[in-house]
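In: 3D model of this:
(chains A and B)
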Amino acid sequence: MSDTRQQTRQLVVDRSACAGHGLCYSTSPQLIDCDDQGYPVLLKEFLSDDDVPAAEAAAVVCPERALTIESR
Amino acid sequence: MTTTEKSVPDELVVDFDIYDQTLAQPVDTVQERVAELAAKGPVVYSTAHGGHWIVTHYKEIHEVLRDPETFSSYPNNLVTGPGGMGKFIPIELDPPEHTGYRLAMQPLFSPNRMKALEEQIRAHTNDLIDAFAGKGEAEFITEFAHELPTRVFLALMDWPLEDAPLFTEATDTVLLGKPGLSPEENQQAQVAAGFEMFGYFHKMVQERRENPGDDITSTLIHTEVELEGGKRLLTDEELYRMFFLLLIAGLHTTQGALAWSIIHLYNNPAQRQALIEDDTLIPSAVEEILRFEAPVTPGRRATRDVELGGVQIKEGDQLILTLCSANRDAEEFDDPSQLILDRRPNRHLSFGGGPHRCLGSHLARIELTIALEELHRRIPDYSLIAEDPPVLHASQVRGCMRLPIRFTPTA
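Out: Predicted coordinates for the structure are as follows:
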């Protein structure tokens, strides 16, 4: 059984909203790293089912609401 | 024309003055008083300091922080700072002018660079605890909470430790004034403190210009910054205004957060016990203590007429944002006045938000985490002393000046 949706779920950072709080990459380092300025760097283009809880945890801690999970 | 008291509905007019020391002494009532303002509305008008708005709710504070075009970050303080000092860089600049300075400073305090300091911070922490652990008592501010951020900061800047008393006194004067002085005398004292600091920064800059190292002072002197007029080195005056801000923003705030950690964990024994038994709770405990007592109340100035939280703000109006009440807004936080060490999510605004979000937040989190780890490992049964209670202070950077503690002496 294959779920095609899992290939199209992505973490998306709204760069204009992100202020570099750093909570997302400390919450879910397996999915998000940071650059030298302290802004998030996404490590995976697509999220697997296993990634979703960590992605949700990262999105919910963002004080700027800059991180969302989008399905296309 | 800016807003006057007459044009504001009576029920939204208050006389709250964040600089009034009776708010915090003899007993700290800042949170209660600010909660009263928040109960009146998301935005209220104070007649203090020539009149200003106080933004109290999470949503409206967040909106202001994220809209630097409408809400300029200059002036950031209700009371005039040291005369002739100019703006603090980068906090009192607005984008796009702000951006180049910010991008030059941000990597110096980046998460990875700060993480690399962990071992060094732990060594400072344990040196300080070593000096009082055997006594069974300590004045936590002078012996720990003041010293730790100061030592870490001096190491980052590569300035001599013996110079700390000089800039401690100068930053205290700028933030709080001196007790017993009139407003005019205080302003003079603040000007004098500002000049003294600039003289000191001048000396450090000269020295590091000739003998550069890998410290922040040298890096800022020698880095070309992308500014509006093109790429160039920072002027001496720009450097001084950055250094002064780093001192004011970085030392007092961490000192306060360390003190409030002790005070609130002492007052919540079950939570403290949970933390002692499981130190993986510490990172979220740090966030919760930060939420519980945001020390900073930043200021903004409206650049145009705008509606905010149901009131009409006029161009030129001054605002302050009580982050401590945003952090206790029931719309955003369940049981906001309860200390819940494993609170999740915890989108507190103690480090602000938007383009001016605290540059030192990654360092602050590491300092607080290591301090809580080592204090609860080494003197876990600390208690406050009823007859010698903590001394706190109000102002746009709230904090703690004195905090005597007792504990079982250890080696």
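
In: Report the secondary structure element holding the residue nearest the centre of chain A.
Out: With distances taken as C-alpha atoms, centre = their mean, the residue of chain A nearest its centroid is A:L11 (3.9 Å). Element membership for A:L11, per DSSP states H and E: strand A:9-13.

In: And chain B, is that strand touching that?
Out: No: against chain B, strand A:9-13 shows no contacts by C-beta under 8 Å from any C-beta of the partner chain, the least distance being 15.2 Å. From N, CA and C alone the C-beta is placed, and that goes for glycine too.

In: can you map out the strands along the stretch 301-411 of chain B?
Out: Here the stretch 301-411 of chain B has its strands, by DSSP state E, counting those that start in this stretch, at B:306-308, B:311-313, B:318-321, B:383-384, B:391-393, B:399-402, B:404-406.

In: For A:P29, find the nearest of those strands.
Out: Comparison of the strands of the stretch 301-411 of chain B against A:P29 by C-beta to C-beta identifies strand B:318-321 as nearest, at 31.2 Å.

In: follow-up on the earlier one: with distance to B:A131 and mean pLDDT added, can I get the strands of the stretch 301-411 of chain B in CSV?
Out: Converted to CSV, the strands of the stretch 301-411 of chain B look like this (distance: least, C-beta to C-beta, whole Å; pLDDT from 0 to 100):
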stretch, distance to B:A131, mean pLDDT
strand B:306-308, 49, 98
strand B:311-313, 51, 97
strand B:318-321, 38, 98
strand B:383-384, 19, 98
strand B:391-393, 22, 96
strand B:399-402, 18, 96
strand B:404-406, 14, 98
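
In: Which among those strands is found nearest to A:V61?
Out: The closest of the strands of the stretch 301-411 of chain B to A:V61 is strand B:318-321. By C-beta to C-beta, the value is 21.2 Å.

In: Paired strands for the closest one, with orientation please.
Out: Sheet pairing here is set by DSSP bridges, and for strand B:318-321 it gives strand B:52-55 (parallel), strand B:299-302 (antiparallel).

In: which of the ones you listed is buried the deepest?
Out: Ranked by mean neighbour count, the strands paired with strand B:318-321 are led by strand B:52-55 with a mean of 26 (mean count of other C-beta atoms under 10 Å in any protein chain shown).

In: tally of neighbours for the residue in the stretch 151-300 of chain B that chain A sits nearest to?
Out: As assessed by C-beta to the nearest C-beta, chain A sits closest to B:P283 within the stretch 151-300 of chain B, at 7.6 Å. Neighbours of B:P283 under the rule other C-beta atoms under 10 Å in any protein chain shown: 18.

In: thought it was touching B:L372?
Out: No: using C-beta atoms under 8 Å, B:P283 is not in contact with B:L372; the gap is 9.3 Å.

In: List the contacts of B:P298.
Out: When contacts are counted by C-beta atoms under 8 Å, 6 or more residues apart in numbering or on different chains, B:P298 touches B:65, B:73, B:76, B:320-321, B:323, B:352, B:356, B:396.

In: Let me know the helix or strand that the residue of the stretch 151-300 of chain B closest to chain A is in.
Out: With DSSP H and E as criterion, B:P283 is part of helix B:282-292.

In: And the average pLDDT for that helix is what?
Out: If you average the pLDDT over helix B:282-292, you get 98.

In: and the residue lying closest to B:K135 once chain neighbours are set aside, how many residues sit next to it?
Out: Of all residues not flanking B:K135 in the chain, B:P409 sits nearest, at 6.3 Å (C-beta to C-beta, 6 or more residues apart in numbering or on different chains). By other C-beta under 10 Å, 12 other residues sit near B:P409.

In: Next: A:D33.
Out: Using other C-beta under 10 Å, A:D33 has 13 neighbouring residues.

In: Surely it is in a strand?
Out: Yes: the assignment for A:D33, made by DSSP: H, G, I helix; E, B strand; the rest coil, places it in a strand.

In: tell me which element the nearest residue to it once chain neighbours are set aside falls in.
Out: Leaving out its chain neighbours, the residue that sits closest to A:D33 by C-beta to C-beta, 6+ apart is A:V41, at 4.6 Å. Assigned by DSSP H and E, A:V41 belongs to strand A:40-42.

In: outside of the longest helix along chain A, which residues touch it?
Out: Of all segments of type helix in chain A, defined using DSSP state H, the longest is helix A:52-61. Applying C-beta under 8 Å, 6+ apart, the contact partners of helix A:52-61 are A:9, A:11, A:23-25, A:27-28, A:30-32, A:47, A:67-69, B:344-347.

In: what about burial for the residues you listed, which qualify?
Out: Among the contacts of helix A:52-61, those classed as buried by 16 or more other C-beta atoms under 10 Å in any protein chain shown are A:9, A:11, A:23-25, A:27-28, A:31-32, A:47, A:67, B:345-347.

In: List, one by one, the residues from chain B near chain A.
Out: Near chain A, when you scan chain B using C-beta under 8 Å from any C-beta, you find B:62, B:66, B:103, B:106-107, B:109-112, B:283, B:344-349, B:351, B:353-355, B:357, B:361-362.

In: So which of these sit within helices?
Out: Filtering those for helices - DSSP H - leaves B:62, B:103, B:111-112, B:283, B:361-362.

In: Now render those as a markdown table, adding distance to B:L339.
Out: Formatted as a markdown table, those follow (distance: C-beta to C-beta, whole Å):
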| residue | distance to B:L339 |
| --- | --- |
| B:H62 | 22 |
| B:L103 | 36 |
| B:P111 | 26 |
| B:N112 | 31 |
| B:P283 | 15 |
| B:S361 | 20 |
| B:H362 | 23 |
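
In: Of the residues you listed, keep whichever come out buried.
Out: For these, buried by 16+ other C-beta under 10 Å: B:62, B:111, B:283, B:361-362.

In: about what we covered before: separation between the residue nearest to the centre of chain A and chain B?
Out: From A:L11 across to chain B, the span is 16 Å (C-beta to the nearest C-beta, to the nearest Å).

In: B:Q312 and B:D305 touch, don't they?
Out: Yes: between B:Q312 and B:D305 there is a contact under C-beta under 8 Å: 7.0 Å.

In: low-confidence ranges in the chain?
Out: Here I'm looking at chain A. A:1-7 (pLDDT under 70).

In: Can you look at chain B instead?
Out: B:80-84.

In: and the residue positioned nearest the centre of it, what is it in contact with?
Out: Geometric centre of chain B, nearest residue: B:T253, 3.6 Å, by C-alpha atoms, centre = their mean. Contacts of B:T253 were listed using C-beta under 8 Å, 6+ apart, and they are B:295-296, B:364, B:397, B:399.

In: Perfect, I'm done here.
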